[in-house]
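Visitor: Could you look at this predicted model? Sequence included:
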Amino acid sequence: MFRNLPFITPENDFELNLLLTFQIVYFLNSTTRGLNILDIERLTIYTYLLKNPHILHRVLIRLGKKSFILKSYEVSSYKSERNDTETLFDNELVRYYIQLLSSNRLINITYNEKIGFVFTPSEDTEKYINADSEYFKRNTTLIEKMKQISSTSVSKINTVIKTILEER
């Protein structure tokens, strides 16, 4: 009966996820020193944190970074009560979005000997990043907060996330 309802779960919306992936690549591709660091593992973690701001909030606090005020819908929702680790460790969809963005020449993929393949935005892509909605403005705010952990190792971020999820 409920399968035929015309609702789209935002977390599963194709275009939304494609744009979120692009936003992360655009804003979080390098450290403040200009080192390209955004590999598939880090991109998957950032995607998870962007979709779970209540977890991002706690990660920033645990790492001693400046946090932010959670919106009421980010604190008391079904999603915030679940321990959704599937998207944290499953990068298949993120890989698919990267392939699409790359094939449309919106991002570049280069090889770094220390990290592996890293993602950076292509030139002249800023026109695609200016989505004018409250949702994307909020994501931009969260991404700005995530910049604080760009120099933190992936293993440390993963450890903090796992600790937070185990406490729930």
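Guide: That came in fine, so what should we check first? Numbering: from 1, shown residues only.

Visitor: sec struct for Asn108, please.
Guide: strand (DSSP: H, G, I helix; E, B strand; the rest coil).

Visitor: Name whatever forms a beta bridge with it.
Guide: Using DSSP bridges, the bridge partners assigned to Asn108 are Thr120.

Visitor: In terms of pLDDT, where does it sit?
Guide: pLDDT recorded at Asn108 is 95.

Visitor: any idea how far it is from Ile157?
Guide: 24 Å (C-beta to C-beta, to the nearest Å). For the C-beta atoms, the positions are set from N, CA and C on the backbone; glycine is no exception.

Visitor: cool, Asp39 as well?
Guide: The separation that Asp39 has from Ile157, given C-beta to C-beta, amounts to 13 Å.

Visitor: Now do the same for Arg3: its pLDDT.
Guide: pLDDT at Arg3 comes out at 54.

Visitor: Revised request: answer the last question for Pro6.
Guide: pLDDT, Pro6: 53.

Visitor: quick check, distance from stretch 116-127 to the centre of its chain.
Guide: 15 Å (C-alpha atoms, centre = their mean, to the nearest Å).

Visitor: mind checking the end-to-end distance for it?
Guide: Across its full length, stretch 116-127 reaches 28 Å end to end, with C-alpha to C-alpha, to the nearest Å as the criterion.

Visitor: Comparing Asn108 and Ile157, which shows the higher neighbour count?
Guide: Neighbour totals were compared for Asn108 and Ile157, and Ile157 leads with 21 against 17 (other C-beta atoms under 10 Å).

Visitor: can you tell me which residues contact the more buried one?
Guide: Ile157 sits next to 45, 59, 63, 149 when contact means C-beta atoms under 8 Å, 6 or more residues apart in numbering.

Visitor: tell me the centre residue of the protein?
Guide: Central residue of the chain (C-alpha atoms, centre = their mean): Thr47, 2.2 Å from the mean position.

Visitor: mind checking how far Ile98 is from Leu43?
Guide: Plainly put, Ile98 is 7 Å away from Leu43 if you go by C-beta to C-beta.

Visitor: residues shared between the contacts of the two?
Guide: 21, 25, 119.

Visitor: where's the second one relative to Thr159, distance?
Guide: Put plainly, it is Val25. Val25 is 24 Å from Thr159, by C-beta to C-beta.
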